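1. okay, sequence plus prediction incoming.
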Amino acid sequence: DAGVTQSPTHLIKTRGQHVTLRCSPISGHKSVSWYQQVLGQGPQFIFQYYEKEERGRGNFPDRFSARQFPNYSSELNVNALLLGDSALYLCASSLDILLGASYEQYFGPGTRLTVT
Amino acid sequence: AQSVTQLGSHVSVSEGALVLLRCNYSSSVPPYLFWYVQYPNQGLQLLLKYTTGATLVKGINGFEAEFKKSETSFHLTKPSAHMSDAAEYFCAVSRYSSASKIIFGSGTRLSIRP
């Protein structure tokens, strides 16, 4: 089975532009999470979606938004790009998000966004 | 609030030597703990996780970690380092379940000397 896939692999944008990143979860997985990894740091949680509903949001400005589609794929949108948005954006999927459960989150290869 | 502290941003060991990467966590509830590995220009791969039960957790590639509640630690070890172990390692914690929001440490870069 295919793992988590993300597109595009690399992206270069100019300050002020907007960007859409895409993620396809593992088949059957209902939850998708987004993380931002700035160079030299650990990933930071941005959003989690489950069954098309937002279930968690990290400490990111409103310029960041996301959605999940009926087929469980997801998009991350970032408006008014800043130089500081340059990072590796990681998507992770899990089968479910039941409390107390031990479902694993599987990470995709990421999208490298460079803002100039 | 939960947090993770990884001691040492860079660790260098000789091939065949013991690998020890240190991680301390802070959590107000019983935590779910993880170690992830990231190779250059790649995503994250789960090495091992602690949820409940046995405190010594065995993972892939010969790695293991021990959950010590009294010390709030979850150190990662491997008896004998291999060149292919060179990578960035992240300790992480989550609350409520292993599929909920994960909080990562800042990472430790492991280098292996021939």
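-> Okay, I see it.

2. what does chain A have sitting close to chain B?
-> For chain A, the contact set with chain B under C-beta under 8 Å from any C-beta of the partner chain comprises A:4, A:31, A:33, A:35, A:40-45, A:48, A:56, A:58, A:90, A:92, A:94-110. C-betas here are computed from N, CA, C, even on glycine.

3. of those residues, buried ones?
-> Among these, those scoring as buried are A:4, A:31, A:33, A:35, A:42-45, A:48, A:58, A:90, A:92, A:94-95, A:97, A:101, A:103, A:105-110 (criterion: 16 or more other C-beta atoms under 10 Å in any protein chain shown).

4. which one of the residues in chain A is closest to chain B?
-> A:Gly42 (3.4 Å; C-beta to the nearest C-beta).

5. so who does that residue touch?
-> B:4, B:90, B:92, B:104-107 (C-beta atoms under 8 Å, 6 or more residues apart in numbering or on different chains).

6. for PyMOL, what selects the buried ones among those?
-> Per 16+ other C-beta under 10 Å, the buried members of the contacts of A:Gly42 correspond to this PyMOL selection:
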select buried, chain B and resi 4+90+92+104+105+107
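
7. and chain A, which of the contacts of A:Gly42 reach it?
-> Applying C-beta under 8 Å from any C-beta, the subset of those adjacent to chain A comprises B:4, B:90, B:92, B:104-107.

8. with secondary structure added, can I get the residues you listed in JSON lines?
-> Shown next, in JSON lines, are the ones next to chain A among the contacts of A:Gly42 (DSSP: H, G, I helix; E, B strand; the rest coil):
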{"residue": "B:Val4", "secondary structure": "strand"}
{"residue": "B:Phe90", "secondary structure": "strand"}
{"residue": "B:Ala92", "secondary structure": "strand"}
{"residue": "B:Phe104", "secondary structure": "strand"}
{"residue": "B:Gly105", "secondary structure": "coil"}
{"residue": "B:Ser106", "secondary structure": "coil"}
{"residue": "B:Gly107", "secondary structure": "coil"}
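
9. which of those residues lies closest to chain A?
-> For the ones next to chain A among the contacts of A:Gly42, the nearest to chain A is B:Phe104 (3.4 Å; C-beta to the nearest C-beta).

10. which residue sits closest to that closest one, ignoring its sequence neighbours?
-> A:Gly42 (3.4 Å; C-beta to C-beta, 6 or more residues apart in numbering or on different chains).
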